[in-house]
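Enquirer: kindly generate the corresponding structure for this input.
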Amino acid sequence: MQSSESTEIITPSETSVHVTTDTLTSGASTLAQLNTLIEESMQIYELEDQKTNIIENMSDALKIITEFLSFSTNVHHGIFNLPSDCSIILLPNLDLIIKLSNGKTEVKKFTDYPPETITKIIEYVTPQ
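Expert: Numbering: from 1, shown residues only. Prediction:
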């Protein structure tokens, strides 16, 4: 007795082989792009971390100098995008006294500002 089932071997068509190969190639490409993105993200994180450490070290050094010398100095209003009739004084403890034109006075910590502003302040108060 013969079975009604066919014993014919079914081979995958060319189309399904190409789709599988294309899918694997696409997956590998995507994985490579993700790895590159992860590596670049880590590099950016490390650079930001170094930037923060450098700013902290510069701030600490400036604070040691200003406290040792009991040094206060004016800071240019343009660094803070304030009008010219405002005055800013950097104290030895690196607090900033900001006197606004309307008579109000604010006290801010040096470290409250972003690294870009801190860098501008350090450049302004450092003798050339």
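
Enquirer: how far does the helix or strand hosting Val107 sit from the chain's center?
Expert: Per DSSP states H and E, Val107 falls inside strand 105-109. Put simply, strand 105-109 sits 25 Å off its chain's centre (CA atoms, centre = their mean, to the nearest Å).

Enquirer: so what touches the helix or strand that comes right after it?
Expert: Remark: after strand 105-109, the chain's next helix or strand is helix 115-125, criterion DSSP H and E. Applying CB atoms under 8 Å, 6 or more residues apart in numbering, the external contacts of helix 115-125 come out as 51-52, 55, 58-59, 62, 73, 75-76, 79-80, 90, 110-111, 113. C-betas here are computed from N, CA, C, even on glycine.

Enquirer: in terms of pLDDT, where does the one residue sitting closest to the centre of the chain sit?
Expert: For the chain, the residue nearest the mean C-alpha position is Glu48 (4.7 Å; CA atoms, centre = their mean). In this model, Glu48 is scored at 87, pLDDT.

Enquirer: same deal with Ile10?
Expert: Reported pLDDT for Ile10: 58.

Enquirer: then Lys99?
Expert: As predicted, Lys99 sits at a pLDDT of 95.

Enquirer: can you name the element that comes right after the lengthiest helix in the chain?
Expert: Identified as the longest helix of the chain according to DSSP state H is helix 14-69. Sequence-wise, the next helix or strand downstream of helix 14-69 (DSSP H and E) is strand 73-75.

Enquirer: give me the distance from that following strand to the chain's centre.
Expert: Using CA atoms, centre = their mean, the offset of strand 73-75 from its chain centre is 28 Å.

Enquirer: buried ones among the contacts of helix 115-125?
Expert: Ile55, Met58, Ser59, Leu62, Val75, Ile79, Phe80, Leu90, Phe110, Tyr113 (16 or more other CB atoms under 10 Å).

Enquirer: and the two most separated of these?
Expert: In terms of CB to CB, these reach their longest pairwise distance at Met58 and Phe80, which sit 18.4 Å apart.

Enquirer: can you read off the pLDDT for the residue nearest to Met58 when sequence neighbours are not counted?
Expert: Excluding the flanking residues, the one nearest Met58 by CB to CB, 6 or more residues apart in numbering is Ile122, at 5.8 Å. On the pLDDT scale, Ile122 is placed at 87.
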